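Novice: Whatever this is, show me its structure:
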Amino acid sequence: MHRLKTILLAGALATGLTTPATAQRAPAKITPEHVRAHVDILAGPALRGRGSATPDEAAAAAYVAAMFRGYGLATAPGMTGYTQPIDVVSLRLDGTPVLTANGAAVEAPLLFSSMGQPVRGKLVAFAGTDPKAVPAADAVIVTGAGVNGLQFAGGVDPSKVKLVIIRATEQVRGYYERIGGRPRLPRTIKGETPRLRPTVVALNDAAFDKLAAQDGAEIALELPGLVEQAQVTTNAVGWLPGTDPKAGVLLITAHVDHLGVRPDGKVMYGANDDASGTAAVLELARTLSNRKHRRGILFVAYGSEEAGGFGARWFAEHPPVPLSDIVANLEIEMIGQQDPKLPAGTMMMTGYERSTFGETLKAHGALVTTDPYPEQNFFQRSDNYALALKGVVAHTVSGWATVPTYHTPEDTIERLDLPFMARAIQSLVAPLAGLADSKAKPEWKPGGRPTEQ
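Specialist: As a prediction, the model looks like this:
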């Protein structure tokens, strides 16, 4: 409670230093100091990494909401406040997984992911390298030479295979530490059915080799200590009404959550991912609200992007304005550092070639360019995708999508390039203001609109 009061006090103080949007004021400049002020709070020790659907995330959303109110933004149509709470159901494993083969315990299994159900059945040894070629089986142990176990497991069809067993290489163990040494278990919006995923277990060399020689063994994986828990994730929403109700709406978004506190006590601060994007949304809200525009502008900080995109998915299903009114969505994520592959000072836009949105922004001064990592499928991996699947022209801009501090405790404010952030955000102001005042709107190019998950 003390933490929430501290954040709300910061927001209240900021409110006292701002003026309503209805009072026309000179365009505001975005500076490194403005950006840092937000990130200091969002990625500071008080919010402990803003874990998805935690009180820390709620406190971060409350800060964003207070800033929206201080900038003179209104509550969105149909909303009575500046936050949207969303009920979430999750599983937690308090016990130690137990794996047996023909009744004998297998040493020290590392559980990476699970549907939260025990697995029993016969073991099949698969020596191939193509996960799509894995036969239907209760359990598969992946023995192919040179296979990246985690990538392989991610490519296995979970409707065909219940359990995938991989070798615990140094790379696999390193990733296990990065995810906090705990399995990924189902977490869903209340009332939804969890998406299928294979249960993935890694074994040390001795245990793996012994089990690989037991093709056809009876396998059992038990998960003692499973607990179902109710949680709440939170979106923060601010609304700048337009002067022409028929002109449509711009949607500017980021995600407010990160990975919270790991089981080993390390805080995943998430300064770049995505306190940087949330700071950008706040600065754009502050700057664009200096006057009314022809189109309305919605500013949103989503909850639980890291847990499955719940905030964006719920927003897409329960929008405060009709989705058909949203002419474009700009998501801002990880703009805290400059990618050395990009031209100096620029951000990449995911799916740039899919629509005219990026070209329009760039033509009017936005420092954006194409995505140099098409093989990474970043377009599908951010909150923009939930809106794109609904037909909204929606893209994400990033500074360095493959930054080395990604999902590590080293993602701190000291690692951010604040001058780059300020310039990048500033470059978006005039193009977005121009689009908000225009009658033109971005369009999907032929084949650009996604049609399925």
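Novice: Show me where this structure has its helices.
Specialist: Counting by DSSP state H, the chain has these helices, from start to end: 2-16, 32-42, 55-70, 149-155, 170-178, 205-212, 276-288, 310-317, 357-363, 384-388, 418-437.
Novice: To G95, which of those lies closest?
Specialist: Each of the helices of the chain was scored for nearness to G95 using CB to CB, and the closest is helix 170-178 (17.5 Å). The C-beta positions use only the backbone N, C-alpha and C, and glycine is treated the same way.
Novice: Can you give me the buried ones in the closest one?
Specialist: Neighbour counts over helix 170-178 (16 or more other CB atoms under 10 Å) mark 172, 176 as buried.
Novice: Show me what it is packed up against.
Specialist: If contacts are counted by 3 or more CB pairs under 8 Å, 6 or more residues apart in numbering; DSSP states H and E, helix 170-178 sits against strand 110-113, helix 149-155, strand 199-203.
Novice: what helices or strands is the strand ranked longest in the chain leaning on?
Specialist: In the chain, with assignment by DSSP state E, the single longest strand is strand 226-240. In this structure, strand 226-240 makes packing contacts with helix 55-70, strand 83-93, helix 276-288, strand 296-302, helix 310-317, judged by 3+ CB pairs under 8 Å, 6+ apart.
Novice: which outside residues touch stretch 175-182?
Specialist: Applying CB atoms under 8 Å, 6 or more residues apart in numbering, the contact partners of stretch 175-182 are 93, 110, 112, 150, 168, 202, 259, 262-264, 266, 407-408.
Novice: for those residues, which one is nearest A285?
Specialist: Using CB to CB, these come closest to A285 at L259, 25.3 Å.
Novice: show me what contacts the residue lying closest to the closest one once chain neighbours are set aside?
Specialist: Among residues not flanking L259 along the chain, M268 sits closest, at 3.8 Å (CB to CB, 6 or more residues apart in numbering). Shown in contact with M268 (CB under 8 Å, 6+ apart): 49, 258-262, 407-409, 411.
Novice: Which of the residues you listed are buried, as a ChimeraX select command?
Specialist: A single ChimeraX command is used to select the members of these judged buried by 16+ other CB under 10 Å:
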select :49,258,259,260,262,407,408,409,411
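Novice: want to throw the contacts of M268 into a markdown table with distance to K362 and pLDDT?
Specialist: Below are the contacts of M268 laid out as a markdown table (distance: CB to CB, whole Å; pLDDT from 0 to 100):
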| residue | distance to K362 | pLDDT |
| --- | --- | --- |
| G49 | 34 | 97 |
| H258 | 29 | 97 |
| L259 | 32 | 94 |
| G260 | 36 | 95 |
| V261 | 39 | 94 |
| R262 | 39 | 88 |
| H407 | 29 | 91 |
| T408 | 32 | 92 |
| P409 | 35 | 94 |
| D411 | 28 | 97 |
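Novice: In strands, which of the contacts of M268 appear?
Specialist: Counted as lying in strands by DSSP E, out of the contacts of M268, are 260-261.
Novice: okay if I get the contacts of M268 as a markdown table plus distance to Q380?
Specialist: Listed next are these as a markdown table, based on distance: CB to CB, whole Å:
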| residue | distance to Q380 |
| --- | --- |
| G49 | 25 |
| H258 | 20 |
| L259 | 20 |
| G260 | 24 |
| V261 | 28 |
| R262 | 26 |
| H407 | 18 |
| T408 | 23 |
| P409 | 27 |
| D411 | 22 |
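Novice: Between the contacts of M268, which sits nearest G70?
Specialist: Taking CB to CB as the measure, H258 is the one of those closest to G70, at 23.6 Å.
Novice: so the closest one makes contact with G49?
Specialist: Yes: using CB atoms under 8 Å, H258 makes contact with G49 at a distance of 5.0 Å.
Novice: E443 contacts S355, doesn't it?
Specialist: Yes: applying CB under 8 Å as the test, E443 and S355 come out as touching, 6.3 Å apart.
Novice: Quick check: neighbours shared by these two?
Specialist: Residues touching both E443 and S355 comprise V393, with contact defined as CB under 8 Å, 6+ apart.
Novice: Against Y175, how distant is the spatially most central residue of the chain?
Specialist: Residue closest to the mean C-alpha point of the chain, counted by CA atoms, centre = their mean, is E305 at 3.2 Å. The gap separating E305 from Y175 is 20 Å, by CB to CB, to the nearest Å.
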